[in-house]
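K.L.:
Sequence first, then the predicted structure:
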Amino acid sequence: MSLTQDLIDFKTQFRQNAPAEAQATMAEAGEAIAALGLEAQSLQVGASLPEIALPNATGKTVAISNLLSQGPVVITFYRGGWCPYCNLELRALQQALPQIQALGAQLVAITPETPDNSLSTQEKNELTFEVLSDQGNQAARQLGLVFTLPETLRPLYANFGIDLPATNGDDTFELPVPATYIVDASGKVVHRFVNTDYTQREDPERIVEVLQGMPAAA
């Protein structure tokens, strides 16, 4: 089963069980986030990736430029380990990791969560690729992916047991919209997926297809 189908199934189940009022609030907030225009304003295909160097789950700084010296890099930005859609995406990427690596590419996930929290996500999902902590969303901001969670959603998130200030280590309530970039060895973006609808993610099958079509990944 594909990640896309898993996401659809989870969303369907959520809609069947979540209170109608909560769903209406989430839908209205989603429209407000979409209206920010981040999909159009964020880093585009053909642009050069800004320098990104962030701590991994154990505190070691990882520079994307160093990874690019070895070949293409797949970078995915996710909201946090509290997000079920993010966890579905991360597990699907882990399953596709052998294919990605066989094509000469590396995979990196970036989250605004603190290293301790990203480590918990990495262990929970048994991830063997790098998970980097972008506290303050500085890297995501460079790519034009950052938004502030609408105030109408904050009590709802709290009711769901989601404490963003605790997981992110600040009180900004800023998050990245889900995004996946494929960057070639020269640092140029050759593929992007950016969607303000957090229930939508790039399917690993598509990532593999793009890598297969890249000369540098042959």
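P.N.:
Arrived safely. Not measured: the values here are computed from a predicted model.
K.L.:
Helices of this protein, residue ranges please.
P.N.:
Secondary structure of the chain (DSSP state H): helices at 3-17, 20-34, 38-41, 64-68, 84-102, 115-124, 138-142, 154-159, 164-168, 204-212.
K.L.:
can those helices go into TSV with extra columns for mean neighbour count and mean pLDDT?
P.N.:
The C-beta positions use only the backbone N, C-alpha and C, and glycine is treated the same way. As requested, these are arranged in TSV below (neighbours: other C-beta atoms under 10 Å; pLDDT from 0 to 100):
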stretch	mean neighbour count	mean pLDDT
helix 3-17	13	93
helix 20-34	13	95
helix 38-41	14	95
helix 64-68	17	97
helix 84-102	18	97
helix 115-124	19	94
helix 138-142	18	98
helix 154-159	13	95
helix 164-168	18	96
helix 204-212	18	97
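K.L.:
right, and the ones you listed - which one's nearest residue 196?
P.N.:
Proximity to residue 196 (C-beta to C-beta) singles out helix 20-34 among those, at 4.6 Å.
K.L.:
hmm, back to that, would you mind saying which of the helices of the chain lies nearest residue 195?
P.N.:
Of the helices of the chain, nearest to residue 195 by C-beta to C-beta is helix 38-41, at 6.7 Å.
K.L.:
picking up where we left off before, would you list the helices of the chain in JSON lines and tack on distance to residue 182?
P.N.:
Below are the helices of the chain laid out as JSON lines (distance: least, C-beta to C-beta, whole Å):
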{"stretch": "helix 3-17", "distance to residue 182": "16"}
{"stretch": "helix 20-34", "distance to residue 182": "24"}
{"stretch": "helix 38-41", "distance to residue 182": "17"}
{"stretch": "helix 64-68", "distance to residue 182": "11"}
{"stretch": "helix 84-102", "distance to residue 182": "10"}
{"stretch": "helix 115-124", "distance to residue 182": "22"}
{"stretch": "helix 138-142", "distance to residue 182": "16"}
{"stretch": "helix 154-159", "distance to residue 182": "31"}
{"stretch": "helix 164-168", "distance to residue 182": "26"}
{"stretch": "helix 204-212", "distance to residue 182": "5"}
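K.L.:
Residue 53 is nearest to which of those helices?
P.N.:
When the helices of the chain are compared by C-beta to C-beta, helix 64-68 sits nearest residue 53, at 7.2 Å.
K.L.:
got a list of contacts for the closest one?
P.N.:
49, 51-53, 73, 75, 106, 108, 183-187 (C-beta atoms under 8 Å, 6 or more residues apart in numbering).
K.L.:
between these, which is closest to residue 23?
P.N.:
Nearest to residue 23 among these, with distances taken as C-beta to C-beta, is residue 75, at 31.2 Å.
K.L.:
dump the residue contacts of the closest one.
P.N.:
Taking C-beta under 8 Å, 6+ apart, one finds 49, 52, 64, 108, 109, 110, 180, 181, 182, 183 in contact with residue 75.
K.L.:
now with 10 Å?
P.N.:
Shown in contact with residue 75 (C-beta atoms under 10 Å, 6 or more residues apart in numbering): 49, 52, 64, 67, 106-110, 130, 132, 139, 143, 179-183, 189, 192.
K.L.:
re the thing from before, could you identify the buried members of the contacts of helix 64-68?
P.N.:
49, 52, 73, 75, 106, 108, 183, 184, 185 (16 or more other C-beta atoms under 10 Å).
K.L.:
so how far is residue 163 from the second one?
P.N.:
Here residue 52 is placed at a distance of 26 Å from residue 163 (C-beta to C-beta, to the nearest Å).
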